[in-house]
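*Asks:* here are the coordinates; sequence isn't available:
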């Protein structure tokens, strides 16, 4: 197992050179885990050269996995990554259960953990700090904290969790750029921040302006070539191409995504199936898209693929 600083350095390099992959978890038609299909899918995700791969997180339906399924998903991701990119496994619920998942992830060979927002209740800043502290104290792995929904750190709380020896970063899903700017200014220089807003590319330029250039990409889960085209255009400051990708693909995709609760995962999974990826259906309480929404998705996906420059590499971070 790598030292915390070494993992953080690998993640920093990866975040600077490619989008962050959050793979879907493959299920059969009856809802059971399809590990062979997942292995095929995650191998293809890793082969595109993302900055890091985050199995069993929100896009990977962490909330619907039991502990044995979780162990298998993380272990297969570690095997397929084979040290080429860092593997950051999701953990969540209350700190006691999150610590159980953390032990499983550590045993399975994960490089780091992403602490997903805890279940149901809201807590004060002191409670949020204590939640992170309880988890971090029970694992040797580096920890990244995900703030969204009922989890939102203030400057004092962020400073306190950043002082924990194995807490190395924050993923932000609130899109409150005033608060985020205050956090980035207060954090240690080597603390990692990345944009975890839904369909993060929509806000990538705004996040970069407050010191948070790295981002996760749900689009990478089904169209890594579109994600790569956007990443390249953004980093080359090709604003004409960025605007066209946003206007003709990302915004129409988000408009479909926003029609139904849960489409943030199930629409992504449907798009992966349209591309022939072996991911299967979502598990309840999520629901697969309607036929009408699928037809619209197919048109938007075709428009996005048509925008991928044929001469550009179709892999985010391939030039590393």
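*Replies:* Everything's here; your move. From a predicted model like this one, the values you see are computed outputs, not experimental measurements. Residues are numbered from 1 along each chain as shown.
*Asks:* Tell me the confidence at residue 241?
*Replies:* On pLDDT, residue 241 comes in at 97.
*Asks:* Tell me which stretches of this structure form strands.
*Replies:* All strands of the chain, identified by DSSP state E, fall at 20-21, 52-53, 88-91, 112-115, 143-147, 167-172, 192-195, 216-217.
*Asks:* Does anything pack onto the last one? Which helices or strands?
*Replies:* Under the contact criterion of 3 or more CB pairs under 8 Å, 6 or more residues apart in numbering; DSSP states H and E, strand 216-217 touches strand 20-21. All C-beta spots, glycine's among them, are computed from the backbone N, C-alpha and C.
*Asks:* helices or strands next to the strand it packs on in the packing?
*Replies:* Counting by 3+ CB pairs under 8 Å, 6+ apart, strand 20-21 packs on strand 52-53, strand 216-217.
*Asks:* Of those, flag the one that's most buried.
*Replies:* Greatest average neighbour count among the helices and strands packed on strand 20-21 goes to strand 216-217 (a mean of 29), per mean count of other CB atoms under 10 Å.
*Asks:* quick check: mean pLDDT across it?
*Replies:* Mean pLDDT, strand 216-217: 96.
*Asks:* for stretch 5-13, same thing?
*Replies:* 96.
*Asks:* Please identify the buried residues of that stretch?
*Replies:* Using 16 or more other CB atoms under 10 Å as the burial criterion, the residues of stretch 5-13 that qualify are 7-8, 10-12.
*Asks:* cool, and stretch 206-213?
*Replies:* Across stretch 206-213, burial judged by 16+ other CB under 10 Å covers 207, 210, 212-213.
*Asks:* which pair in those spans the largest distance?
*Replies:* 210 and 213 (9.6 Å; CB to CB).
*Asks:* circling back to that earlier point, to residue 168, which of the helices and strands packed on strand 20-21 lies closest?
*Replies:* Nearest of the helices and strands packed on strand 20-21 to residue 168, taken as CB to CB: strand 52-53 at 12.1 Å.
*Asks:* elements contacting that closest one?
*Replies:* helix 4-17, strand 20-21, helix 35-47.
*Asks:* what ranges of the stretch 151-300 of the chain fall below the confidence cut-off?
*Replies:* In the prediction, the stretch 151-300 of the chain carries no residues with pLDDT under 70.
*Asks:* any idea how far residue 66 is from residue 296?
*Replies:* Residue 296 sits 34 Å away from residue 66, going by CB to CB, to the nearest Å.
*Asks:* my bad, residue 176
*Replies:* 34 Å.
*Asks:* if we can go back for a sec, just so I know, which of the strands of the chain lies nearest residue 31?
*Replies:* Closest among those, using CB to CB: strand 88-91, at 19.7 Å.
*Asks:* And for the residue nearest to residue 238 when sequence neighbours are not counted, the neighbour number?
*Replies:* Leaving out its chain neighbours, the residue that sits closest to residue 238 by CB to CB, 6 or more residues apart in numbering is residue 232, at 7.8 Å. Neighbourhood size, residue 232 [other CB atoms under 10 Å]: 20.
*Asks:* Would you convert the helices and strands packed on strand 20-21 into JSON lines that also reports distance to residue 122?
*Replies:* As requested, these are exported to JSON lines (distance: least, CB to CB, whole Å):
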{"stretch": "strand 52-53", "distance to residue 122": "30"}
{"stretch": "strand 216-217", "distance to residue 122": "24"}
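*Asks:* Relative to residue 106, which of those is closest?
*Replies:* strand 52-53 (16.6 Å).
*Asks:* For the closest one, give me every contacting residue.
*Replies:* Here strand 52-53 makes contact (CB atoms under 8 Å, 6 or more residues apart in numbering) with 10-11, 14-15, 20-23, 42, 45-46, 77, 81, 85-88.
*Asks:* what sits against residue 294?
*Replies:* 270, 274.
*Asks:* Sorry, wrong one. I was asking about residue 165.
*Replies:* Counting by CB under 8 Å, 6+ apart, residue 165 makes contact with 4, 136.
*Asks:* what do you get if the cut-off is 7 Å, keeping everything else the same?
*Replies:* Residues in contact with residue 165 (CB atoms under 7 Å, 6 or more residues apart in numbering) are residue 4.
*Asks:* How about residue 132?
*Replies:* Residue 132 neighbours (CB under 7 Å, 6+ apart): 115, 145, 161, 167.
*Asks:* so the third one touches residue 145, yeah?
*Replies:* Just to be clear, that refers to residue 161. Yes. Here residue 161 reaches residue 145: they are 6.4 Å apart, a contact under CB atoms under 7 Å.
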